[in-house]
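> Can you look at this prediction? I've put the sequence above it.
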Amino acid sequence: MKHIAVLFITLFIYANAAAESLKIGLLQIEDSVPFYVAEKEGFFNQENVRVELVPFLSALERDSALAAGAIDGAISDPIGALLLDKGRGLLKITSLGLGKTSAEGVFAILAAPSSEIQTLDDLKGVEIAVSNSTIIEYVTDRLLEQQGFSPEEITKVEVKKMPIRMQMLLSGSVQAATLPEPLSSIAAGKGARVLIRDADLDQSLSQTVVVITTEALNSKKEAVQSLFKAYGRAVEAINGDPESYRSLVVEKGRIPPFLADKYPIAVYPAPEPFSKDLFEPAASWLVDKGLIETITYEDIVATDFLND
């Protein structure tokens, strides 16, 4: 009987350990690198949390998995997170990723090599290729508004897929486009003219965030806290010796070979709550466009569990 009791206790402990595992969805962007470093360096194991990193090729696939409960969390952005949740209580923004400062910005508005657009003023009334209702459209609007453009002077055309958008820009099928890194650098290397970058501003416009489903926060809180401890250790490792992780940044960020040796490696911030100052402009933009009803900061941002 004693052996049977020991067996049941062992099975119970194992079952609980398995229940505390997490699945985190990642896009192929440099913002995901700390998770891969935590895996590579064994930080997840050392913090006693099982983490499966699930790669996605598109934000749509990632968001579908989040909505279905197939993953517990993901790298996202404020616009995407708010649009997916829409006040339903599906998820929480649990930490800022990249974008604490404008230096971490990754977006640029570019003019086609064959166009006559030379300055920002030349963009007034010209269609800019974007993906609608995304962080890219948001950054485009905010960039131009900060340069004095009125809403009537900002004209956009939708080209959803970014590689196609870049090719249309280079061929002159569109006169201007907003692209993220590394596509903006690739396009610039092929003759497109960079008119403005969000990294050149004083204020951060684009951020990534880590989102965790409300269900996972409620049922696996300790595992989530351990996840962020491991993430924080990975950030320290990258910032302490960025060159040792260059190959991983190049691989996971899909940095093209001609940029691999000189692509600047970001200084990753430690896990911290997404601030109200960064939340409010994104939320108000979505409300003004009629894409969501009002969502308060407290509705969707978790501000306390990182310190528990």
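Cool, got the structure.
> going forward, measure contacts and count neighbours with C-alpha atoms only.
OK.
> what helix or strand does the closest residue to residue 120 other than its chain neighbours sit in?
Beyond its immediate neighbours in the sequence, the residue positioned closest to residue 120 (Cα to Cα, 6 or more residues apart in numbering) is residue 195, lying 6.1 Å away. Assignment of secondary structure by DSSP states H and E places residue 195 within strand 193-197.
> Show me what that strand is packed against.
The elements that strand 193-197 packs onto, with contact taken as 3 or more Cα pairs under 8 Å, 6 or more residues apart in numbering; DSSP states H and E, are strand 107-111.
> continuing past the strand it packs on, what's the next helix or strand?
Using DSSP H and E, the helix or strand that follows strand 107-111 towards the C-terminus is strand 127-130.
> and that following strand, which strands flank it?
Each strand that strand 127-130 pairs with, and the sense of that pairing, follows from DSSP bridges: strand 155-158 (parallel), strand 176-180 (parallel).
> ok, and for the helix or strand just after the first one, which residues are buried?
To tie it back to what came earlier, the one meant is strand 155-158. Once strand 155-158 ends, the next helix or strand along the chain (criterion: DSSP H and E) is helix 162-171. Of all the residues in helix 162-171, those buried under the rule 16 or more other Cα atoms under 10 Å are 162, 165, 166, 168, 169, 170.
> Looking at these, which is nearest residue 117?
Residue 117 has its nearest neighbour among those in residue 169, at 12.3 Å by Cα to Cα.
> residues touching that closest one, list them.
With contact taken as Cα atoms under 8 Å, 6 or more residues apart in numbering, residue 169 is in contact with 111, 112, 113, 175, 176, 177, 192.
> rerun that using 6 Å as the cut-off
Shown in contact with residue 169 (Cα atoms under 6 Å, 6 or more residues apart in numbering): residue 112.
> Mind telling me what element residue 215 is part of?
If you go by DSSP H and E, residue 215 is part of helix 214-219.
> Which residue ranges of the stretch 201-308 of the chain form strands?
Per DSSP state E, counting those that start in this stretch, the stretch 201-308 of the chain carries strands over the ranges 209-213.
> Correct me if wrong: the residue nearest to residue 120 contacts residue 108.
No: in terms of Cα atoms under 6 Å, residue 195 does not count as a neighbour of residue 108; the distance is 7.3 Å.
> Those two: which has the busier surroundings?
Remark: of residue 195 and residue 108, residue 108 carries more neighbours, 26 against 17, as counted by other Cα atoms under 10 Å.
> Give me the pLDDT for the closest residue to that one other than its chain neighbours.
Spatial nearest neighbour of residue 108, chain neighbours left out: residue 197 (4.2 Å); criterion: Cα to Cα, 6+ apart. The pLDDT attached to residue 197 in the predicted structure is 96.
> okay, now residue 197: neighbour count?
Around residue 197 sit 22 other residues, with neighbours defined as other Cα under 10 Å.
> Distance check, it against residue 217.
36 Å (Cα to Cα, to the nearest Å).
> now residue 200
For residue 200, the distance to residue 217 (Cα to Cα) stands at 36 Å.
> Looking at these two, which is more packed in?
Here residue 200 and residue 217 are set side by side on neighbour count (other Cα under 10 Å), and the busier one is residue 217, at 20 against 13.
> Residue 98 and residue 120: what is the separation?
Look at residue 98 and residue 120: by Cα to Cα, they are 26 Å apart.
> if you count what's nearby, which of those two comes out ahead?
residue 98 (26 against 16).
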